[in-house]
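1. I would like to see how this sequence folds:
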Amino acid sequence: MLKKIFIFILVFSSLSCKKILEEKAFSSLTVSSFFNNYKEANQAVIGVYSQLPTPSYYKRNFTNVIGFLSDDAYNPGAAFTAFDDGTLEPTNNLVDGLWNSIFSLNGKAIFTISALENAEVLEAADKQLMLARVRFVRALNLYNAVRLWGDIPLVKEYSVQEENLYPARTPKSEVYAFIEEDLKYAMDILPADEDEYGFPTKGAAMSLLAKIYLSQEKWAEANTTLDQVIGMNKYALLDNYMDVFDVKNENNAEDIFSIQFKKDQQEAAENSAGSLLPFWFLPAFNGLGLAGNPDHPKGQMRVEHATYDRYTTGDYTTDERNEIFITSYPNSNNGNVVRRYPENKAAAAQGPACIKYQDPTNDQDRNYDNNLYILRYADVLLMKAEAENEVKGPNSTAYNAFNLVRQRSNAKPLATGLSKDAFRDAVSMERGLEFYGEFQSWFDQTRMKRSGDSYYKYYKTKVQSEGKFTHPSEARWAVYYPKLELMPIPSSELAINPNITVANQNPGY
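-> Here you go, the predicted structure:
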């Protein structure tokens with residue numbers, strides 16, 4: 001696996017104001033002689049970040065794997081059913097590609113960090129800032145890896161020694177400790193404000209660190225760190241939920257860190273610098289104006305009926321977040337109203353559709369301007385509510401953080417007097433509603449625990465027992481398979497790494 005890290009092409013671009021990534025071959029020199037000046041070092045840092053929006057990472061593989069594992073989406077197509085029906089195997093192309101992208105980025109980050117540390121041409125402050133940027137993205141990348149696979153092969157330093165080429169799996173507790181070191185360094189160095197969109201800030205490092213703490217049930221540490229983020233007074237909820245996702249309103253006050261996509265003027269295809277988000281969620285809507293060319297979106301990420309129903313019952317009957325869904329629309333060809341749900345709830349291609357991601361003036365297939373949030377302020381508030389509840393119970397501080405998110409969406413305030421367990425249930429539900437289509441649900445549900453089991457199991461069995469599905473494709477989704485709480489180590493890795501064998505595979509594969 002890690003032989004890939006020693007030969008690579010650095011990518012140069014300017015991320016400032018979301019300028020398009022322009023790939024240019026640069027160099028593959030040794031660590032000791034890698035950088036001749038500031039510009040070359042900065043190119044290397046940008047090269048690491050340029051791996052995030054690629055098709056094999058956040059543009060396609062990440063969103064597909066996490067989206068179809070969770071209650072964010074279903075699709076009866078053969079490429080996606082394995083993430084529903086328990087037939088997922090180590091040969092799966094999406095998982096294999098994601099593994100390769102994550103560890104390729106990690107290798108590039110390791111090399112760049114070593115080269116920066118040995119660069120005598122850089123001023124101390126410039127070197128520290130560049131190191132903080134790379135260590136942040138390494139932490140995010142390793143966090144994805146440890147959440148997807150549990151124990152992972154962890155390489156901490158650049159080396160050409162044989163033992164570094166084929167590492168064994170490292171206990172996830174050690175991986176988390178390493179991630180924490182990166183983020184603590186980053187939060188001490190990164191600025192509170194960043195002019196170059198796509199690079200992280202101090203608030204981003206602290207917010208990600210808090211999430212890492214929650215994943216380890218380090219409730220007190222998470223609570224303290226979240227207080228620091230909130231105390232910065234740098235972020236705020238936008239007044240209108242849909243404005244958060246307006247393609248003309250990106251990098252707003254709620255955005256803490258996001259993957260920057262920008263329509264590619266050179267290539268309108270999957271390898272472009274643009275995103276695929278409208279393509280995944282928007283069906284071809286006969287000219288509703290949600291994308292520049294209504295025939296380009298495919299709507300392959302179909303909304304679970306049970307998921308949609310959560311937005312229209314109980315506390316959520318007045319919830320403005322249900323504006324991200326559409327259940328009927330006019331056919332511009334004949335004037336008839338197309339009714340997708342509940343009238344056509346038994347049709348595999350029908351049901352509610354998600355319109356969270358729109359790019360109305362863009363007619364470029366697979367090449368949209370929409371960014372993908374990794375961290376936003378609503379996440380900080382709900383993490384604060386969760387951590388406070390775990391440390392001190394459902395006190396006024398926990399309720400206030402929770403209800404700030406509810407108030408923005410015009411949902412009813414959370415009922416008072418809840419127990420600690422009931423408040424945790426409410427946080428889990430709220431996270432699913434708030435971050436629908438942002439590829440957090442599977443991560444949240446597998447890390448959060450209810451009576452000793454994951455919320456992933458809880459929601460699957462709950463939907464199954466209630467019969468909250470209306471099509472065989474959804475019935476398959478509602479079955480709980482324990483193995484799907486972790487992804488398989490790809491067969492390609494098992495074939496080349498003598499230190500990770502079938503005996504080291506995750507359970508069920």
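2. mind checking which helix or strand of the chain has the lowest mean pLDDT?
-> When each helix and strand of the chain is scored by mean pLDDT, DSSP states H and E, helix 162-165 comes last, with a mean of 70.
3. What's the first helix or strand after that helix?
-> Going down the chain from helix 162-165, the next helix or strand is strand 169-170, by DSSP states H and E.
4. Determine the set of other helices and strands touching that following strand.
-> Helices and strands touching strand 169-170, by 3 or more C-beta pairs under 8 Å, 6 or more residues apart in numbering; DSSP states H and E, are strand 152-153. (C-beta placed from N, C-alpha, C; glycine too.)
5. neighbouring strands for the strand it packs on, and are they parallel or not?
-> When pairing is defined by DSSP bridges, strand 152-153 lines up against strand 169-170 (antiparallel).
6. Please export the C-alpha coordinates of the helix or strand that the partner strand is followed by as PDB.
-> Using DSSP H and E, the helix or strand that follows strand 169-170 in sequence is helix 172-189. In PDB, the C-alpha atoms belonging to helix 172-189 read as follows (Å, rounded to 0.1, in the frame of the first residue of the first chain):
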ATOM      1  CA  LYS A 172      -7.600   2.800  16.900                       C
ATOM      2  CA  SER A 173      -6.900   4.200  20.300                       C
ATOM      3  CA  GLU A 174      -3.300   4.900  19.100                       C
ATOM      4  CA  VAL A 175      -4.600   6.400  15.900                       C
ATOM      5  CA  TYR A 176      -6.900   8.700  17.800                       C
ATOM      6  CA  ALA A 177      -4.000   9.800  20.000                       C
ATOM      7  CA  PHE A 178      -2.000  10.700  16.900                       C
ATOM      8  CA  ILE A 179      -4.900  12.600  15.400                       C
ATOM      9  CA  GLU A 180      -5.200  14.600  18.600                       C
ATOM     10  CA  GLU A 181      -1.600  15.600  18.500                       C
ATOM     11  CA  ASP A 182      -2.000  16.900  14.900                       C
ATOM     12  CA  LEU A 183      -5.100  19.000  15.800                       C
ATOM     13  CA  LYS A 184      -3.600  20.400  19.000                       C
ATOM     14  CA  TYR A 185      -0.700  21.600  17.000                       C
ATOM     15  CA  ALA A 186      -3.000  23.000  14.300                       C
ATOM     16  CA  MET A 187      -5.300  24.900  16.700                       C
ATOM     17  CA  ASP A 188      -2.300  26.600  18.300                       C
ATOM     18  CA  ILE A 189      -0.900  27.800  15.000                       C
END
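7. how far is helix 172-189 from where the chain is centred?
-> Here helix 172-189 is found 19 Å from its chain centre; the criterion is C-alpha atoms, centre = their mean, to the nearest Å.
8. Report the separation between D246 and Y197.
-> 16 Å (C-beta to C-beta, to the nearest Å).
9. More neighbours: these two, which one.
-> Taking other C-beta atoms under 10 Å, D246 and Y197 do not tie; Y197 has more neighbours (17 against 13).
10. Helix, strand or coil: sort out that one for me.
-> Three-state assignment for Y197 (DSSP: H, G, I helix; E, B strand; the rest coil): coil.
11. Tell me the pLDDT of the residue of the chain positioned farthest from its centre.
-> Most distant from the centre of the chain: N334, at 39.7 Å, with distances by C-alpha atoms, centre = their mean. The per-residue pLDDT reported for N334 equals 80.
12. Tell me which helix or strand it sits in.
-> Applying DSSP H and E, one finds N334 in no helix or strand.
13. before we move on, what about R408?
-> R408 is part of helix 396-409, with elements assigned from DSSP H and E.
14. For the residue lying closest to Y308 once chain neighbours are set aside, give its distance to K468.
-> Distances taken as C-beta to C-beta, 6 or more residues apart in numbering place P352 nearest to Y308, at 4.3 Å, with adjacent residues excluded. Taking C-beta to C-beta as the measure, P352 falls 13 Å from K468.
15. Of those two, which one has the most company?
-> P352 (24 against 18).
16. Can you name the residues that contact the more buried one?
-> V303, H305, Y308, F325, I326, T327, R340, Y341 (C-beta atoms under 8 Å, 6 or more residues apart in numbering).
17. tell me the SS of F103?
-> helix.
18. Does it touch L148 like I think?
-> No. Judged on C-beta atoms under 8 Å, F103 makes no contact with L148 at a distance of 11.4 Å.
19. ok, L484 - how many residues close by?
-> Applying other C-beta under 10 Å, we find 22 residues neighbouring L484.
20. The one 5 residues further on now?
-> I489 sits with 26 neighbouring residues when counted by other C-beta under 10 Å.
21. do you know how far it is from G508?
-> Per C-beta to C-beta, I489 is found 12 Å from G508.
22. ok so, going back, reformat the contacts of P352 as TSV; add secondary structure and neighbour count.
-> Below are the contacts of P352 laid out as TSV (DSSP: H, G, I helix; E, B strand; the rest coil; neighbours: other C-beta atoms under 10 Å):
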residue	secondary structure	neighbour count
V303	coil	26
H305	helix	21
Y308	helix	21
F325	strand	21
I326	strand	20
T327	coil	20
R340	coil	21
Y341	coil	20
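23. want to throw those residues into JSON lines with pLDDT and distance to S114?
-> Shown next, in JSON lines, are the contacts of P352 (pLDDT from 0 to 100; distance: C-beta to C-beta, whole Å):
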{"residue": "V303", "pLDDT": "90", "distance to S114": "45"}
{"residue": "H305", "pLDDT": "84", "distance to S114": "51"}
{"residue": "Y308", "pLDDT": "89", "distance to S114": "49"}
{"residue": "F325", "pLDDT": "93", "distance to S114": "48"}
{"residue": "I326", "pLDDT": "91", "distance to S114": "50"}
{"residue": "T327", "pLDDT": "90", "distance to S114": "54"}
{"residue": "R340", "pLDDT": "84", "distance to S114": "53"}
{"residue": "Y341", "pLDDT": "86", "distance to S114": "54"}
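24. And for stretch 97-113, what's in contact with it?
-> When contacts are defined by C-beta under 8 Å, 6+ apart, stretch 97-113 is touched by residues 1-2, 4-6, 8, 31, 44-45, 47-48, 51-52, 54, 56-57, 61-62, 65, 131, 134-135, 137-138, 141-142, 144-145, 148-149, 153, 155-158, 489-490, 492-493.
25. Repeat that for stretch 431-443.
-> Here stretch 431-443 has contacts from 62-63, 66-67, 69-72, 147, 281, 301, 307, 310-311, 316, 319, 321, 324, 354, 356-357, 372-373, 378-379, 382, 405, 409, 444-445, 456, using C-beta under 8 Å, 6+ apart.
26. Which of those residues fall in strands?
-> The strands, defined by DSSP state E, take in C354, L372, Y373 from the contacts of stretch 431-443.
27. before we move on, back to that, which parts of the helix holding R408 are buried?
-> T397, A398, Y399, A401, F402, N403, L404, V405, R406, R408, S409 (16 or more other C-beta atoms under 10 Å).
28. Alpha carbons of that helix, as CSV, please.
-> Provided in CSV are the C-alpha atoms of helix 396-409 (Å, rounded to 0.1, in the frame of the first residue of the first chain):
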residue,chain,number,x,y,z
SER,A,396,-30.2,24.5,30.6
THR,A,397,-26.9,24.8,28.7
ALA,A,398,-27.6,21.6,26.8
TYR,A,399,-31.2,22.6,26.1
ASN,A,400,-30.1,26.1,24.9
ALA,A,401,-27.5,24.7,22.5
PHE,A,402,-30.0,22.2,21.2
ASN,A,403,-32.9,24.7,20.8
LEU,A,404,-30.8,27.2,18.9
VAL,A,405,-30.8,24.8,16.1
ARG,A,406,-34.5,24.0,16.4
GLN,A,407,-35.4,27.7,16.5
ARG,A,408,-33.7,28.4,13.2
SER,A,409,-35.8,25.7,11.5
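29. All set now, cheers.
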